[in-house]
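> sequence first, then the predicted structure, then my questions.
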Amino acid sequence: KSIVGTQGIQFVDYVNESQLDSVMSLVQRDLSEPYSIFTYRYFLDRFPELCILACSDEDCKEPIACVVGKIDMEERVVNDQVIKVKTGYIGMLAVVSSYRRKGIGSALVRQVLKRMKDMDCTSVTLETEVSNAAAQRLYQDSFGFVREELLVRYYLNWGDAYRLRLWFD
């Protein structure tokens, strides 16, 4: 599936492992956490519909951005009963620096949130570094995520994180 969006940027679904190196390269360039190939495969093999790539070229050989998500089951107490609900999770969002501030990251988040909602998720969570003001503005100001928890020394570099959550109506 392919969607032409912001300023001629094409959004395409992750299809198969031939795109794995591109996703890994994008994420490793931007995020402080070093993920193993097994982490990528867990997300991409189990939830390929929650990985969306952004490309500036027709054939999408070199994606310029991506979002990677998954769905978990969480237990909630409703009317004194424990029920299981689907919760979306955004594990990775990366945009090549020369393409930032053009709405591409927002477009990717908007698309993955819609898919999670369409898949009956009741909420979506993610973690972002406390020091990453741009990510906090994106998620909190643009999409309505709220800070749920401060995670002290969460990252391998000892950086603190905020867990953010967006509740769907």
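Yes, it's here. Numbering: from 1, shown residues only.
> return the helix or strand in the protein with minimum mean pLDDT.
When the helices and strands of the chain are scored by mean pLDDT, DSSP states H and E, strand 2-4 comes last with a mean of 48.
> can you give me the strands for this protein?
Along the chain, the stretches classed as strands by DSSP state E are 2-4, 10-13, 51-55, 65-78, 81-95, 121-129, 146-151, 161-167.
> highest average neighbour count across these?
Highest mean neighbour count of the strands of the chain: strand 51-55, a mean of 24 (counted as mean count of other C-beta atoms under 10 Å). Using the backbone N, CA and C atoms, a C-beta is placed for each residue, glycine as well.
> each with direction, which strands does it pair with?
Next to strand 51-55 in the sheet, as set by DSSP bridges, lie strand 10-13 (antiparallel), strand 65-78 (antiparallel).
> and the residue nearest to residue 42 when sequence neighbours are not counted, what is it in contact with?
Leaving aside its sequence neighbours, residue 42 sits nearest to residue 70 (C-beta to C-beta, 6 or more residues apart in numbering; 7.7 Å). For residue 70, the contacting residues are 42, 43, 46, 47, 50, 88, 89, 91, by C-beta atoms under 8 Å, 6 or more residues apart in numbering.
> and which of those is nearest residue 147?
Nearest to residue 147 among these: residue 89, at 16.2 Å, using C-beta to C-beta.
> so the closest one makes contact with residue 69?
Yes - Residue 89 is within contact range of residue 69, at 5.9 Å (criterion: C-beta atoms under 8 Å).
> shared neighbours of these two, anything?
Contacts common to residue 89 and residue 69, judged by C-beta under 8 Å, 6+ apart, are residue 124.
> low-confidence regions, this structure specifically.
Within the chain, the segments meeting pLDDT under 70 span 1-7, 58-59, 156.
> helices and strands around the helix ranked longest in it, which ones?
Ranked by residue count, the top helix of the chain under DSSP state H comes out as helix 104-118. Packing partners of helix 104-118 (3 or more C-beta pairs under 8 Å, 6 or more residues apart in numbering; DSSP states H and E): strand 10-13, strand 51-55, strand 65-78, strand 81-95, helix 143.
> can you give the contact residues for the second one?
Applying C-beta under 8 Å, 6+ apart, the external contacts of strand 51-55 come out as 5, 9-14, 19, 22-23, 43-44, 60-69, 95, 99, 104, 107-108, 111-112.
> ok, what's across the strand from the residue positioned nearest the centre of the chain?
Among the residues of the chain, residue 90 comes closest to the average C-alpha position under C-alpha atoms, centre = their mean, at 3.3 Å. Note on residue 90: beta-bridge partners by DSSP bridges are residue 69.
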